[in-house]
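S.K.: Requesting a structural model of the entry that follows:
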Amino acid sequence: MPPTITVPPIRTGSRGRLVFRLLFVFKIVLRYAAEAMGELLRAKDHTTRPENMKALKLSEARPLRQRLTHMRESNRKAMNLRLLPALLLLTLAGKAGAQDKSIWRAWEGEKKLIVVTTADWNVVQGTLTRYERRDRAWVKVSEPMPVVVGRAGLAWDPGLTRQNPGRYFGPIKHEGDGRSPAGLFQLQAGTFGFANDLPGSRIYMPLTPTIECVDDPNSRYYGHIVDRATVDQVDWKSSEKMRSIPEYRWGVIVNYNMEKPVAGDGSCVFLHQWTRPGNTTAGCTAMSTQDIEELVRWLNGDVPAVLVQLPEIEYRRLRFHWQLP
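M.R.: Now for the predicted structure:
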């Protein structure tokens, strides 16, 4: 099978925005309360004025205590109705704040960004665009290039859904599902290819005949790229012989389920060249030979890079929280 970012803490800037929103809602609550109290006082003053009391016919007037009790009850209900929208706003703001904390993403030194989007979860064609971080803003440095993802489309990184239950809806990736992972992933593990070296790159790994990516969930090396010749005890029954796969002539390692691999979540996720335009993968993201070679050379190891891979609707939903371009 051709081939996470640690969720960073909420940023100070996001807290400031959340406090501003809550203060704004609190201001609305105070305004509703003031208006309701003013109406209550005006109604009481109008009812208890001597001229109004004298105008009442004694045969039709209720005892004063009963009338005042009824008036207070009516105005209490009216005030509750006036305050209801504000209370609802305050409740929704609290829930929104909790959601902001659970899905917020901050950038911690990453200077290069690769964005892959598809039209929907089950669509295999997509685009890839490169960005660089300049003055705390993402600047586009390439035009969108065509890519293909897994034969079944995209699916959420299960680590993300476990960490934030109820926040990410859609298919969830697992081993052998034919889907590429959706989410945000570091690209710190490096690049690879058939060439013996890549001048100017400090993270390039030349593939030899003994380099394998283990996709056996029962192996202690599950999800890792290993040199079979250096392993004392080979405990896997399934792996990718990377040098023997033509699509791996150039590639980028995606840090998906690698640091603390969970058996069955999926393994061996790469960016690599495609067999031919339109051909899908078993769970990776593929592109033309020219585009992948350019991408490998762009990721030379000088600065941290990250991959964001999402369906377009999820990209729009998370754009603000993840501070995406």
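S.K.: separation between the nearest residue to A305 once chain neighbours are set aside and L307?
M.R.: Leaving aside its chain neighbours, A305 sits nearest to K112 (3.8 Å; criterion: CB to CB, 6 or more residues apart in numbering). For glycine as for every other residue, the C-beta is placed from the backbone atoms N, C-alpha and C. Counting by CB to CB, to the nearest Å, the separation of K112 from L307 is 10 Å.
S.K.: who's more crowded, these two?
M.R.: L307 (24 against 20; other CB atoms under 10 Å).
S.K.: and that one, what are its bridge partners?
M.R.: Taking DSSP bridges as the rule, L307 bridges to I114, F185.
S.K.: Quick check: it touching L187?
M.R.: Yes. Here L307 lies in contact with L187, judged by CB atoms under 8 Å, at a distance of 5.7 Å.
S.K.: Between the two, which contacts overlap?
M.R.: I114, V254 (CB atoms under 8 Å, 6 or more residues apart in numbering).
S.K.: May I have the predicted confidence score for G16?
M.R.: On the pLDDT scale, G16 is placed at 48.
S.K.: helices and strands of this protein: which one has the lowest mean pLDDT?
M.R.: Sorting the helices and strands of the chain by mean pLDDT, DSSP states H and E puts helix 50-55 at the bottom, at a mean of 50.
S.K.: In contact with S239, which residues?
M.R.: Applying CB under 8 Å, 6+ apart, the residues near S239 are E212, C213, V214, D215, D216.
S.K.: Can you get me a residue count around the fourth one?
M.R.: Residue neighbour count, defined by other CB under 10 Å, stands at 23 for D215.
S.K.: Excluding chain neighbours, what is closest to it?
M.R.: In space, and not counting its chain neighbours, D215 is closest to S267: 4.5 Å by CB to CB, 6+ apart.
S.K.: cool, the last one as well?
M.R.: On the basis of CB to CB, 6+ apart, the spatially nearest residue to D216 that is not a chain neighbour turns out to be W236, at 3.9 Å.
S.K.: Hmm, the one you found is touching G223, no?
M.R.: No. Contact between W236 and G223 fails when scored by CB under 8 Å: they sit 10.8 Å apart.
S.K.: Name the residue in those two with the higher neighbour count.
M.R.: Neighbour totals were compared for W236 and G223, and G223 leads with 25 against 19 (other CB under 10 Å).
S.K.: pLDDT score assigned to the more buried one?
M.R.: The model reports G223 with a pLDDT of 95.
S.K.: ditto for C213
M.R.: pLDDT, C213: 97.
S.K.: Checking it next. Helix, strand or coil?
M.R.: Secondary structure assignment for C213 (DSSP: H, G, I helix; E, B strand; the rest coil): strand.
S.K.: Start and end of stretch 296-307, how far apart?
M.R.: Length of stretch 296-307, first residue to last, CA to CA, to the nearest Å: 13 Å.
S.K.: would you list every one of the strands in the stretch 151-300 of the chain?
M.R.: Taking DSSP state E, counting those that start in this stretch as the criterion, the stretch 151-300 of the chain carries its strands at 153-156, 179-186, 191-193, 204-206, 211-214, 225-227, 239-241, 250-253, 270-273, 285-287.
S.K.: Mind checking those for the one nearest to L324?
M.R.: L324 lies closest to strand 179-186 among those, at 9.2 Å (CB to CB).
S.K.: Give the pairing partners of the strand ranked longest in the chain; include direction for each.
M.R.: Taking DSSP state E as the criterion, the chain has its longest strand at strand 125-134. Applying DSSP bridges, strand 125-134 is found paired with strand 112-118 (antiparallel), strand 137-140 (antiparallel), strand 145-148 (antiparallel).
S.K.: Could you export those as a markdown table, including distance to V262 and mean pLDDT?
M.R.: Formatted as a markdown table, the strands paired with strand 125-134 follow (distance: least, CB to CB, whole Å; pLDDT from 0 to 100):
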| stretch | distance to V262 | mean pLDDT |
| --- | --- | --- |
| strand 112-118 | 23 | 97 |
| strand 137-140 | 30 | 94 |
| strand 145-148 | 26 | 98 |
